[in-house]
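Asks: predicted structure and sequence below. I'll ask about it afterward.
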Amino acid sequence: MAAVTAAMVKELRQATDAPMMDCKKVLVEADGDMEKATALLKERGIAKAAKKADRVAAEGLVGLKLADDFSKATVVEINSETDFVSKNEGFQDLVLKTTEEVYKNNPSDVAEVMSSEFGSYFTETVAKIGEKIELRRFGTLEAEDETVAMNAYIHSNGRIAVIIKAKCDSAKTAEGIRDTLKQVAMHASAMKPTTLSYKDFDPEYVESETKGRIEAIKKENEELARLKKPLKNVPKYVSMMQLTDEVMKQAEEDIKAMLKEQGKPEKIWDKIIPGSLARFVDDNTTLDKEQALLDQAYVLDDKKTVAEAVEAAAKALGGTAEIVDFIRLEVGEGIEKKEDDFAAEVAAQMA
């Protein structure tokens, strides 16, 4: 059996946010296999799907350039070691100029930027600032024609930037929908979608999330039961991707069986079933509502999804519109921060 070290426990905890002793337990069970241990934590509802924002600690700024005619937009992320540097005028100017460079020349990746003449300027500027600074990533969206609407938003702290792109029925609708797209960009800034639609999820990811989320709700219900509070519904699924015609047909049959058991007159079933099916969908699409932009509840009207809100805004203009793409960059997202005193804490727990 492989020895489980303090460093291994530290690595697993940083990757999952799970409690330290749970990390040690699954590592022992997985014979030191980090991937297997992570899967065990997720299946048991202990690991979190992603690190919380306050655990992501890389510093720096994002840059945003939006064309005056809304036909093109670029976002850029540049990281620094300390937050102090982001307040430096030289660093802020570097972010501005890098954004302009990417917007103007449409490079394919970071390597292309850094191998260009501008890359030399970037390196020289970093040397003057005196801290490790890196161009991490960037993205650009363009309107193919006048029926494509775009808008963008950069948060006041300079750490989050979003571009939203929608396909419309006409140039008139595209122009009229821009303010709504700005609001959707602000929504995305706050609500952190990771994908456009549930259709973009990897089936294996959905399957993994299903096991973890169900176990997490079961654990939460144990505590709610102890406190004598109402229990949450335990779903069978987490995404519309899983709600096939067969699943929905079975759900309807289950609802009919329940109504019959309750003694509800069959002549009123058609008034009850649609609402019950809607609740079934609501309970079984939690992943979509958290991570898919189009399926999130719109912050300005939580009775509508983002997709429905855009559709309604376009209808009010006499046309149609559908969001087809977006880019969201947040400084430091997915980058871990060193915790120098953590090793000692783990070692004490391992003793």
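Replies: Yep, it's here. Numbering: from 1, shown residues only.

Asks: now the strands for the stretch 251-351 of the chain?
Replies: Taking DSSP state E, counting those that start in this stretch as the criterion, the stretch 251-351 of the chain contains strands spanning 297-298, 301-305, 321-330.

Asks: now swap in the stretch 51-200 of the chain and tell me
Replies: Under DSSP E, counting those that start in this stretch, the stretch 51-200 of the chain gives strands at 59-66, 72-80, 133-142, 148-154, 160-168.

Asks: relative to strand 133-142, how tilted is the shortest one?
Replies: Angle, strand 148-154 to strand 133-142, by axes from the mean of the first three to the mean of the last three CA atoms, to 10 degrees: 150 degrees.

Asks: same question for stretch 288-307, mean pLDDT?
Replies: Mean per-residue pLDDT for stretch 288-307: 97.

Asks: now the terminal residues of it, how far apart.
Replies: From its first residue to its last, stretch 288-307 covers 12 Å (CA to CA, to the nearest Å).

Asks: residue ranges with poor pLDDT in the stretch 51-200 of the chain?
Replies: Scanning the stretch 51-200 of the chain for pLDDT under 70 picks out the ranges 51-57.

Asks: what about 90?
Replies: Along the stretch 51-200 of the chain, the parts satisfying pLDDT under 90 run over 51-58, 81-87, 126-132.

Asks: pLDDT score assigned to Met258?
Replies: Listed pLDDT for Met258 reads 95.

Asks: looking at the strands of the stretch 51-200 of the chain, which is nearest to Glu209?
Replies: For Glu209, the closest of these is strand 160-168, at 23.8 Å, according to CB to CB. Any C-beta I mention is one placed from the backbone N, CA and C, and that applies to glycine too.

Asks: relative to strand 72-80, how tilted is that closest one?
Replies: Orientation note: strand 160-168 sits at an angle of 160 degrees relative to strand 72-80 (the same axes, to 10 degrees).

Asks: quick one: strands adjacent to strand 160-168?
Replies: Strand 160-168 sits in its sheet next to strand 148-154 (antiparallel), strand 321-330 (antiparallel), going by DSSP bridges.

Asks: need the winner for burial among those.
Replies: Greatest average neighbour count among the strands paired with strand 160-168 goes to strand 148-154 (a mean of 23), per mean count of other CB atoms under 10 Å.

Asks: which stretches in the stretch 101-250 of the chain count as helices?
Replies: Applying DSSP state H, counting those that start in this stretch to the stretch 101-250 of the chain gives helices spanning 110-114, 117-129, 171-176, 178-191, 203-226, 245-261.

Asks: any chance of the strands of the stretch 251-351 of the chain in CSV, plus distance to Leu96?
Replies: Putting the strands of the stretch 251-351 of the chain into CSV (distance: least, CB to CB, whole Å) gives the following:
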stretch, distance to Leu96
strand 297-298, 32
strand 301-305, 35
strand 321-330, 15
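
Asks: wait, which of those strands is closest to Thr5?
Replies: With distances scored as CB to CB, the stretch of the strands of the stretch 251-351 of the chain nearest to Thr5 is strand 321-330 (32.5 Å).

Asks: closest one to Gly60 among the strands of the stretch 251-351 of the chain?
Replies: strand 321-330 (10.5 Å).

Asks: re the thing from before, looking at the helices of the stretch 101-250 of the chain, spot the one closest to Val4.
Replies: Of those, nearest to Val4 by CB to CB is helix 203-226, at 22.2 Å.

Asks: now that closest one: how far from the chain's centre is it?
Replies: Here helix 203-226 is found 19 Å from its chain centre; the criterion is CA atoms, centre = their mean, to the nearest Å.

Asks: try stretch 158-167
Replies: On CA atoms, centre = their mean, the centre of stretch 158-167 falls 13 Å from that of its chain.

Asks: could you do stretch 23-41 as well?
Replies: Using CA atoms, centre = their mean, the offset of stretch 23-41 from its chain centre is 26 Å.

Asks: what about that stretch, how long is it end to end?
Replies: Terminal residues of stretch 23-41 are spaced 8 Å apart (CA to CA).

Asks: mind listing what's buried along that stretch?
Replies: By 16 or more other CB atoms under 10 Å, the buried positions in stretch 23-41 come out as 23-27, 30, 37-41.

Asks: tabulate the strands of the stretch 51-200 of the chain (CSV), appending distance to Val102.
Replies: Shown next, in CSV, are the strands of the stretch 51-200 of the chain (distance: least, CB to CB, whole Å):
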stretch, distance to Val102
strand 59-66, 8
strand 72-80, 5
strand 133-142, 5
strand 148-154, 14
strand 160-168, 12
